[in-house]
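A.B. asks: Can you look at this prediction? I've put the sequence above it.
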Amino acid sequence: FRVRANRVRLYGMGGLEWNNTEKSPGVFDWTWWDAACDKLRASGVRQVTLNLYNPPAFATRHPHNYGGWRMQLPRERAMLERWLDAVTTRYPEVDAVEVANEVFSPTIGDSKSYFTGSAMDLRELSDWVLDWRTKRRWAGKVWAPSIPGVGENVDAMLRWLRQYPRAKEFDAFPLHL
């Protein structure tokens, strides 16, 4: 196992999903995380970006497709905060959180989007993550939801960002080309 990078973005990796880690509210199984982080540390990786995806069934508002890297607004803010508190406390190398993976495509919630919910749901999720950072005085970065591909996806995300009053609080705007 060799990684030639300073930072790794965790998403879609077997066993590291939120739903696979938080077995019931507040009960975590860190087996996969411990093994992965041990390997990353041994390879020299010191910074990890956590992509928010696959909330546990007890936290979902809508039916959730666990076959992909999907995210949705959890039922309660406390559920998201508990996950973020737990993972960033246990793994200090998690120094960035990406709100969601590849959100726009070109309509939020369509079959090509990895976000289930409306633009307002995405706004609320973003608010919750930004508020968590402030409330916890967490020194890490918050990345905007990532944009998949090019064309209409970029236009849709730019429209959303122009309408989102807190867009300037994001530390990065990931674009997947």
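C.D. replies: Great, that's in hand.
A.B. asks: For this protein, which segments count as strands?
C.D. replies: Counting by DSSP state E, the chain has strands at residues 7-10, 22-24, 27-28, 47-51, 71-72, 94-98, 115-116, 141-143, 147-148, 175-176.
A.B. asks: Which strands or helices does the last one pack on?
C.D. replies: Read it as strand 175-176. In this structure, strand 175-176 packs against strand 147-148, with contacts taken as 3 or more CB pairs under 8 Å, 6 or more residues apart in numbering; DSSP states H and E. For every residue, glycine as well, the C-beta is placed using N, CA and C.
A.B. asks: Packing partners of the strand it packs on?
C.D. replies: helix 152-163, strand 175-176.
A.B. asks: ranking those by burial, who's on top?
C.D. replies: Of all the helices and strands packed on strand 147-148, helix 152-163 carries the top mean neighbour count, a mean of 16, counting by mean count of other CB atoms under 10 Å.
A.B. asks: rewinding a little: nearest to Leu125 among the strands of the chain would be which one?
C.D. replies: Closest approach to Leu125 among the strands of the chain is made by strand 71-72 (7.3 Å; CB to CB).
A.B. asks: Which secondary structure elements does that closest one sit against?
C.D. replies: Using 3+ CB pairs under 8 Å, 6+ apart: strand 71-72 touches strand 115-116, helix 119-136.
A.B. asks: Note down every partner strand of the shortest one and its orientation.
C.D. replies: To tie it back to what came earlier, the one meant is strand 115-116. Using DSSP bridges, the strands paired with strand 115-116 in its sheet are strand 71-72 (parallel).
A.B. asks: If you average the pLDDT over the strand it pairs with, what comes out?
C.D. replies: For strand 71-72, the mean pLDDT works out to 92.
A.B. asks: which residues touch that strand?
C.D. replies: Contacts with strand 71-72, where a contact means CB atoms under 8 Å, 6 or more residues apart in numbering, come from 52-55, 60-62, 64, 99-101, 114-117, 121, 125.
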